[in-house]
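> Give me the fold of what follows.
(chains A and B)
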Amino acid sequence: MIVKIYNFENMNIKKQFETIKKNTEEVIPEDELLRKLEKSSKTKTPLRIKWGADPSAPDIHLGHTVVLRKLRQFQDLGHIVIFIIGDFTARIGDPSGKDTTRPKLSVEEIKKNSTTYKEQVFKILDKQKTEVVYNSAWLENMKFDGLMQLFSFQSVSQTLQRNEFKKRMENGKDIRMLEFIYPLIQGYDSVVLKADVEIGATEQKFNLLMGRTLQKKYGQEPQVVITMPILEGLDGKQKMSKSLGNYVGVSEMPENIYGKIMSIPDELILRYFKLLTFLKSEDIKDIEISLKKENPKQIKEKLACTIVQDLYNKKHAEEAKTTFDAKHTPGKSLDDRIKHIKPEVKKISPSQLKEGKIWICSLLTTIKATASNSDARRLVEQGAVYIDNEKITDHKSEIALSKSKNTLITVGKRKYYETTLTE
RNA sequence: GGGGAGAUACUCAAGCGGUCAACGAGGGCAGACUGUAAAUCUGCUGGCUAUGCCUUCGAGGGUUCGAAUCCUUCUCUCCCCA
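Numbers count the residues shown, from 1 in each chain, chains lettered A, B, ... in the order given. Just a heads-up that it's a prediction; the model follows:
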């Protein structure tokens, strides 16, 4: 079917199309995307690619970058990304269940989150080709008659077909009216912005399609919907999300990002390469082959380096690798490891010392290595704590700190701290 | 509007007057092993300078020598009927 649409004189468009389609879950409908690309090229008008974000969480993680990378591809092809910050909807919140995805936020919080959001997003997106808009701009002053009209366009039974709602109904969970209308609001955004394409994760499919539906109702050419796969988290099982703790934030320290990537299960390596890098198809194929021959560790190292490099730069990636190797190469003594690790520096005030000493549990809690004294005590008893490379086994130990020399504290395999004694 | 069921730690889920800081499972953390991961084994998983004490079983009040457990009011949720 689609083959017919390809024209000989339009090789470029076909290439664009293939590039865009790569690694997506679905393009709905494909032929419309082709037509839009053609029209854009003929009229020299860039397409408007919509992407919405909810500023309720201040951090974006690698899971989000799957979509961001796709947007970036559009930009590299000359199109424009419209980045909607859902400040209005964030202000209202979403009281659904326990796993509140949209807590009610104050204006200040939203502002703050939006700022960090923008910073993080532009690690992937091209700033020059991005328009940032806030949905309060049109939602805040919407009149009730406008709302009624909007509501009249969608039926309850249709909304209930949404998978998420279906599941909730089956499991006896509640659904709020508010949640019911969120898709409409999001879809209405597409109408206001006259979006050509909207991209989101597969779980957003229903909402994205609502944009199409509503644009048709309002007499517009409907947007093409592109869904991207949902990235598995570090555990390799569940989707990457902050609340599950299996995520990598794009603003994390390079060493952290590197370390976290190195902890993914082997089965995930190829998928991460596909979704989290811009490698060409040929290179991906090579990786697939070498995964069967080589020790996957080496390939994972390459993956971790590439991701860090994209988010920071090459130098950071190399440093992160050195640090990681120092921490994790077996057989190396703690002494050896420390040489290459930058411990987190923590200040201790002398007023916390008694005769130059501090109780071990109190010390660990003060530098936030542990959540409480009890927690610290447990870790000490389990032999996880080292002070200046010496294992501490007695939870009653008093540690002497001096101004002349910093003290190195190791908790478990991953946490390294250095304390300095200052006011 | 009427009737029924329920709310327990990060999650699921036991407990239904004392022996409950609360069985069990998952998750998490730590130790051993390893490739860093997975798998496996072991320990820990409310707080407190701690063989004891304090706070926690949706919220408040009450009964009792003693409450997660009984009564009562409230809040929230689910199911059935209208």
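> all contacts plus neighbour counts: C-alpha atoms, from now on.
Will do.
> Next up, the contacts around A:Lys36.
Shown in contact with A:Lys36 (Cα atoms under 8 Å, 6 or more residues apart in numbering): A:Leu47, A:Asp196.
> What number of residues are in the vicinity of the residue nearest to A:Gln16 when sequence neighbours are not counted?
Spatial nearest neighbour of A:Gln16, chain neighbours left out: A:Leu77 (7.3 Å); criterion: Cα to Cα, 6 or more residues apart in numbering. Other residues lying near A:Leu77 total 14 when counted by other Cα atoms under 10 Å.
> Find me the pLDDT at A:Leu77, would you?
Looking at A:Leu77, its pLDDT stands at 86.
> A:Trp138 too?
Here, the pLDDT recorded for A:Trp138 equals 90.
> can you confirm it is in a helix?
Yes. Counting by DSSP: H, G, I helix; E, B strand; the rest coil, A:Trp138 is part of a helix.
> give the contact list for it.
A:Trp138 neighbours (Cα under 8 Å, 6+ apart): A:Val192.
> how far away is it from RNA strand B?
Distance of A:Trp138 to RNA strand B, given as Cα to the nearest atom of the strand, to the nearest Å: 29 Å.
> got any ranges where the stretch 101-250 of chain A has weak pLDDT?
Filtered on pLDDT under 70, the stretch 101-250 of chain A yields the residue ranges A:101-105, A:171-173, A:243-244.
> could you pull out the strands for it?
Taking DSSP state E, counting those that start in this stretch, the strands of the stretch 101-250 of chain A run over residues A:130-134, A:197-201, A:224-228.
> Got the phi and psi for the residue nearest to A:Gln16?
Per-residue torsions, A:Leu77: phi -90, psi 0 (degrees, to the nearest 10).
> go on, the one 4 residues further on?
A:Val81 has phi and psi values of phi -100, psi 130 when expressed as degrees, to the nearest 10.
> And it, how far from A:Glu119?
As judged by Cα to Cα, to the nearest Å, A:Val81 and A:Glu119 stand 15 Å apart.
> cool, A:Tyr218 as well?
Relative to A:Glu119, A:Tyr218 is positioned 34 Å away (Cα to Cα).
> Likewise for A:Ala304?
From A:Ala304 across to A:Glu119, the span is 22 Å (Cα to Cα).
> near RNA strand B, which residues of chain A show up?
Contact residues (Cα under 7 Å from any atom of the strand) of chain A with RNA strand B: A:169, A:172-175, A:235, A:262-266, A:295-298, A:300-301, A:328-330, A:358-359, A:371-375, A:377-379, A:382-384, A:396, A:398, A:411-415.
> what about burial for those residues, which qualify?
Neighbour counting by 16 or more other Cα atoms under 10 Å classes A:235, A:262, A:264, A:296, A:300-301, A:358-359, A:373, A:377, A:379, A:384, A:398, A:411 among these as buried.
> which stretches of the stretch 151-300 of chain A form helices?
With DSSP state H, counting those that start in this stretch as the criterion, the stretch 151-300 of chain A has helices at A:156-160, A:163-170, A:177-193, A:205-217, A:254-262, A:269-276, A:281-293, A:296-311.
> May I see the ones you listed organised as CSV, with distance to A:Ile85 added?
Listed next are the helices of the stretch 151-300 of chain A as CSV, based on distance: least, Cα to Cα, whole Å:
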stretch, distance to A:Ile85
helix A:156-160, 24
helix A:163-170, 23
helix A:177-193, 11
helix A:205-217, 16
helix A:254-262, 26
helix A:269-276, 23
helix A:281-293, 33
helix A:296-311, 22
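> and A:Lys14, which of those is closest to it?
Shortest distance between A:Lys14 and the helices of the stretch 151-300 of chain A, using Cα to Cα, is found for helix A:281-293: 16.4 Å.
> How far off centre is the closest one?
Averaging C-alpha positions (Cα atoms, centre = their mean, to the nearest Å) puts helix A:281-293 26 Å from its chain's average.
> burial measure for A:Ala201, as a count.
Using other Cα under 10 Å, A:Ala201 has 19 neighbouring residues.
> Tell me, what's the model's pLDDT at the residue nearest to the spatial centre of chain A?
Chain A has A:His61 as the residue nearest its centroid, 1.8 Å off, counting by Cα atoms, centre = their mean. Listed pLDDT for A:His61 reads 88.
> Noted, bye for now.
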